[in-house]
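Trainee: the following block contains a protein sequence and its predicted model.
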Amino acid sequence: MEQTSNLPHPTLDKTSGWINGFIGVVIFSGSLPATRLAVLEFDPVFLTVARAAIAGLCAVALLWLFREPRPAREQWWSLLIVALGVVLGFPLLTALALQHVTSAHSIVFVGLLPLATAIFGVLRGGERPRPVFWIFSILGSALVVGFALAQGLTASPTGDLLMLAAILACGLGYAEGAKLSRSLGGWQVICWALVLALPVMALLSLWLAPASFRDISLSAWLCLAYVALFSMLIGFVFWYRGLAQGGIAAVGQLQLLQPFFGLALAATLLHEHVSLGMLAVTLGVISCVVGAKKFAK
């Protein structure tokens, strides 16, 4: 695995950035449906710490295998932000939210992630997208918020507020991790963030573990494995690398595709109802990625 800073050609960097970012989005699209299935049998807090602990152990093995040097002292603060945002914050808040709303409903909120990531990309990453970029990004987010309001928030105000908090935590973690990836490397960032959180997550996993796992189904175990290995680790290898190569604000707009893939999974795997309104909103936010990409720089 090469570090992002060693890649020489800017044009190839941008192309690779979009490819890596797209792969990351496809992997992340399965996170909410898998979490939805898992919390039917696992406590959401236990699920959060268990997935982080499993991914953290894998991260330790990767860092040891490739004999990666420790991050510099000034990089640990950024790693802590990444850990709080994407290792703890987003998984925990979404797991709690999915006790109140369906995965199809929650996936629509993922359409807010590009705007949140772009804002934190400006605040933490020093990026300066063109003004027209913000029009497309805000339009996509407005479609998502408008859909939630059109539902009257009757599904669950608690679930929607938890999803909004999760989006903010995730956007910050994405932007901070992408900024750090430029010097530390994409896969190294998520691995070190997982290692940083591992002692706490491992202890909490043992403390919160149910008395017996006898009644846990195979599907729940597979969902735990997915969110631990793919959502928590492998997806970030591609995602952070893509953000660092192609730009946080620009590649971050690929997240507008995530609701489309997620809704398809929710309908096929969970047999959840996907309304025409959900599809219309999803297609609307997807169309915004073209304009946002064009004016990101």
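Mentor: Now that the structure is in, tell me what you want to look at.

Trainee: what about the residue nearest to Glu41 when sequence neighbours are not counted, which SS state?
Mentor: Nearest residue to Glu41 in three dimensions, chain neighbours excluded: Ala220, at 4.1 Å (CB to CB, 6 or more residues apart in numbering). Where you see a C-beta, it was placed from the backbone N, CA and C, and this is true even at glycine. Three-state call for Ala220 (DSSP: H, G, I helix; E, B strand; the rest coil): helix.

Trainee: okay, now Ala220: neighbour count?
Mentor: Using other CB atoms under 10 Å, the number of residues around Ala220 comes to 19.

Trainee: surely it and Val39 touch.
Mentor: No. Checked against CB atoms under 8 Å, the pair Ala220 and Val39 is beyond contact range at 9.0 Å.

Trainee: I'd assumed Arg124 was in contact with Glu176.
Mentor: Yes. Look at Glu176 against Arg124 with CB under 8 Å: they come within range, at 5.4 Å.

Trainee: okay, those two: which has more neighbours?
Mentor: The residue with more neighbours, out of Glu176 and Arg124, is Glu176; 28 against 20, by other CB under 10 Å.

Trainee: phi, psi for the more buried one please.
Mentor: phi -70, psi -40 (degrees, to the nearest 10).

Trainee: so what's it closest to, chain neighbours aside?
Mentor: Per CB to CB, 6+ apart, closest to Glu176 is Ile81, 4.5 Å.

Trainee: for Ile23, see how far away that neighbour is.
Mentor: Counting by CB to CB, to the nearest Å, the gap from Ile81 to Ile23 is 24 Å.

Trainee: repeat for Ile234
Mentor: Applying CB to CB, the value for Ile234 to Ile23 is 9 Å.

Trainee: anything in contact with each of these two?
Mentor: Shared contacts of Ile234 and Ile23, defined by CB atoms under 8 Å, 6 or more residues apart in numbering, are absent.

Trainee: done for today, thanks.
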